[in-house]
Structures are given as C-alpha cells and as structure tokens.
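**Student:** Pasted the sequence and its predicted model underneath.
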Amino acid sequence: MLIRPATDDDLDLVATMRLAFLADHRGIEPSAFDRAFADATTAFVAERHRAGDLLTWFADDDVPVGVVSMLLRPVPPRPDAFATTEGYVLNLYVVPDRRRQGIGQRLLDACLHHAAERSFRRLVLHATEDGRAMYERAGFVRSDRWYELDLVT
C-alpha cells in the first residue's frame with residue numbers, strides 16, 4: 001500500500017473520490033449528484049490544488065482505494081501561538097471493501113505528518129460516525145467553541 005500525494009494529473013480523481021465520499025455519507029449513488037455540482041467540485045479541487053492550499057493524498061494498491069484532503073488556511077499569530085497555518089481535514093474516504101484495514105489511519109497519518117513537519121497551529125475536521133474513534137485515538141477532541149452563520153439561503 002502506497003500513500004502518495006496527488007499531482008496535477010490526479011485532480012479529476014480527487015473530485016471523483018470526493019463525490020464518492022459525499023454519496024457514501026448520504027447513502028446515495030454518486031450519479032445522483034447533478035452535473036453542475038460535479039463540475040463545481042472539479043473546478044474547486046483544481047483551483048485550490050493549483051493555488052497550493054488543497055493538499056491530497058491517495059492510498060494506492062494498484063488502484064486508488066482511499067483519499068484524504070487538507071485545505072490550508074492562514075490564521076494570524078496569537079501571543080501564545082505564532083504558527084499561522086491551520087489545516088481542515090476533509091473527505092477522508094476508503095472504498096467500502098477496503099475499510100477496517102488501517103488505510104484511513106495511514107491517510108490521516110499523512111495529514112498529521114505534514115502538519116507537524118510544517119508546524120501548523122492546529123487541524124480541524126468534521127467527523128462521520130465511522131471516523132470518530134480513529135480521530136479521537138489520534139488526539140482530536142470535540143469542540144463547541146464556534147458559532148456559525150450560514151450565508152447560503
């Protein structure tokens with residue numbers, strides 16, 4: 001099993017696997033998403049990857065069997081924390097017939113290693129029910145610190 005970073009040649013695959021993740025999480029087929037959403041996803045992945053603020057890793061076993069992405073976001077330094085980058089871990093997905101084999105953990109480890117190597121301030125994520133235990137074992141804790149304002153009507 002090879003864990004490898006995504007390249008410019010992988011961007012359609014990154015978008016396809018994001019759609020697979022979302023479909024799996026919602027209990028639908030990826031084909032249920034309309035073309036406009038799929039196109040918007042592909043455009044977002046390409047734009048953010050090329051800007052350098054979307055990093056993605058694949059778990060390859062002759063074919064990709066898992067993926068994780070991390071969206072980087074700048075934050076101002078604080079008196080107690082000078083680091084100015086946070087990572088938002090998203091779309092950790094392993095194809096159903098390869099789950100519970102440690103692949104998700106290896107993908108998460110790629111994010112953790114990258115963040116530690118570059119001295120990120122923190123990582124955040126939204127956990128699915130299936131992923132909670134893995135994230136908690138890695139040291140993630142739930143937080144109720146944020147208020148949210150949804151600007152999409």
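**Tutor:** Alright, I've got the coordinates. Since this is a predicted model, take the numbers as computed values, not measurements.
**Student:** use CA for all of it now, contacts and neighbours both
**Tutor:** Fine.
**Student:** In contact with the spatially closest residue to residue 121 that is not a sequence neighbour, which residues?
**Tutor:** Leaving out its chain neighbours, the residue that sits closest to residue 121 by CA to CA, 6 or more residues apart in numbering is residue 83, at 5.1 Å. By CA atoms under 8 Å, 6 or more residues apart in numbering, the residues touching residue 83 are 76-77, 119-121.
**Student:** Is residue 4 in contact with residue 57, as I believe?
**Tutor:** Yes - assessed by CA atoms under 8 Å, residue 4 is found in contact with residue 57 at 5.3 Å.
**Student:** Give me the more crowded residue out of those two.
**Tutor:** The residue with more neighbours, out of residue 4 and residue 57 and counting by other CA atoms under 10 Å, is residue 57; that gives 24 against 15.
**Student:** and the more buried one, that one's in a strand?
**Tutor:** Yes - read with DSSP: H, G, I helix; E, B strand; the rest coil, residue 57 is one of the residues of a strand.
**Student:** Cross-check the contact I'm expecting between it and residue 110.
**Tutor:** Yes - with contact defined as CA under 8 Å, residue 57 counts as touching residue 110 (7.3 Å).
**Student:** ok, back up a step: for the residue nearest to residue 121, which three-state class applies?
**Tutor:** Residue 83 - assigned by three-state DSSP - is coil.
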